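Asker: Build me a model from this:
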Amino acid sequence: MSSSNPLISIIIPTLNEEEYLLNLLNSIKNQTYKNYEIIVCDSYSEDKTPKIAKSFGSEFILVDKKGPGPGRNQGRKKAKGEYLLFLDADVIIPDEYFLAKFIKRIEEENLGLANVFQFLHPFNVKDIPANIVVNFYFKLSSYFNPIGGGFFIFVKKDVFDEVSGFDESINIGEDSDFIRRASKISNYSMINQYIFYSNRRFELEGRLNLYSKYIYLHFDELLEPVLGKIELDYKFGHYNLSNESKKYNFLIDKINFIFSENKNHILELYQKNISKTIKKLLKIKNLRRK
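Answerer: Numbering: from 1, shown residues only. Here you go, the predicted model:
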């Protein structure tokens, strides 16, 4: 087990992220935990991304091959820390004690790989179903076939090296591929903390479109018997609270409760759904080839 104050290398791949990067770097700067370095791995941005990164004293490196996978791999080459924390540029760490609490948990449980809950920001009642469904699925998968978004991936450097980092031949889903491979050689957990990520993907692609993709690929077996039990109250009067963190802590509690109450049934349905999901993915790939 390492020291109680290990160096964390925070690695952020970027491409024209001036609209978001400043908020992320400010949220890192506000952390009470200070033993970190920031490495921004940029794919030749044409906006103010380089200027913003350098203004925070971040190490700034240019990456010839575009994509988050190559950026993260290049960041690892510069990293001095025992721990690597990969963040997307549109993430915000909402709590100044986040890193301190997170590292304490990592070392208490001797984790080599970890993720957290990830919620859309700014808060919108329309996004409550997505917040619950996506995190519920990440929580479910963490028990036997871990996946996760690249918004937040924590890994020990030696674990990263043993699995040879991110597969740069994968354009979409390189984050889940990495988590799956790393979880086979290391203790993994989805910790009960959360970060924010921008809802820009939902705004650009449309909420209904993205919901449909998730449902088609993963949830047709689970929606009716399990997720149908989620009583979504669109009034959400208890969200009109001055303490914003209560909104998200409530969602975490809701997801954990649903899982604990239905664990055996959920696992059984998930196992049945795996083969169907694989067939669907293969069908999509074949259609794209045509």
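Asker: pretty sure Ile39 contacts Gly75?
Answerer: Yes. Ile39 is within contact range of Gly75, at 4.6 Å (criterion: CB atoms under 8 Å). Heads up, the C-betas are built off the backbone N, CA and C, glycines and all.
Asker: in stretch 92-109, what's buried?
Answerer: By neighbour count on 16 or more other CB atoms under 10 Å, the buried set for stretch 92-109 is Ile92, Ile93, Pro94, Asp95, Phe98, Leu99, Phe102, Ile103, Arg105, Ile106.
Asker: any idea which element the last one lies in?
Answerer: The one in question is Ile106. Secondary structure from DSSP states H and E places Ile106 in helix 98-109.
Asker: Contacts for that helix, please.
Answerer: Contact with helix 98-109 is made by 1-2, 4, 6, 8, 31-33, 36, 83, 93, 95, 111, 114, 116, 154, 187, 189, 191, 193, 195, as judged by CB atoms under 8 Å, 6 or more residues apart in numbering.
Asker: same thing with stretch 68-86?
Answerer: 2, 6-14, 36-37, 39, 41-43, 59, 61, 63-64, 88, 103, 106, 150, 152-157, 160-161, 165-168, 170, 174-175.
Asker: Stretch 150-157 now?
Answerer: 9, 68, 72, 76, 79, 81-88, 90-91, 102, 106, 111-116, 118, 174-175, 178-179, 182, 186, 195, 197.
Asker: Buried only: go through the residues you listed for me.
Answerer: 9, 68, 72, 76, 79, 81, 83-88, 90-91, 102, 106, 111-116, 118, 174-175, 178-179, 182, 186, 195, 197.
Asker: Give me the subset of these that lies in helices.
Answerer: Among these, DSSP state H puts Pro68, Arg72, Arg76, Phe102, Ile106, Glu174, Asp175, Phe178, Ile179, Ala182 in helices.
Asker: Can you tell me which of those residues is closest to Tyr137?
Answerer: Of all these, the one with the least separation from Tyr137 (CB to CB) is Ile179, at 13.1 Å.
Asker: my guess is the closest one meets Ser142, correct?
Answerer: No. Ile179 is beyond contact range of Ser142, at 9.2 Å (criterion: CB under 8 Å).
Asker: Mutual contacts of these two, please.
Answerer: With CB under 8 Å, 6+ apart, Ile179 and Ser142 have common neighbours Asn115, Tyr188.
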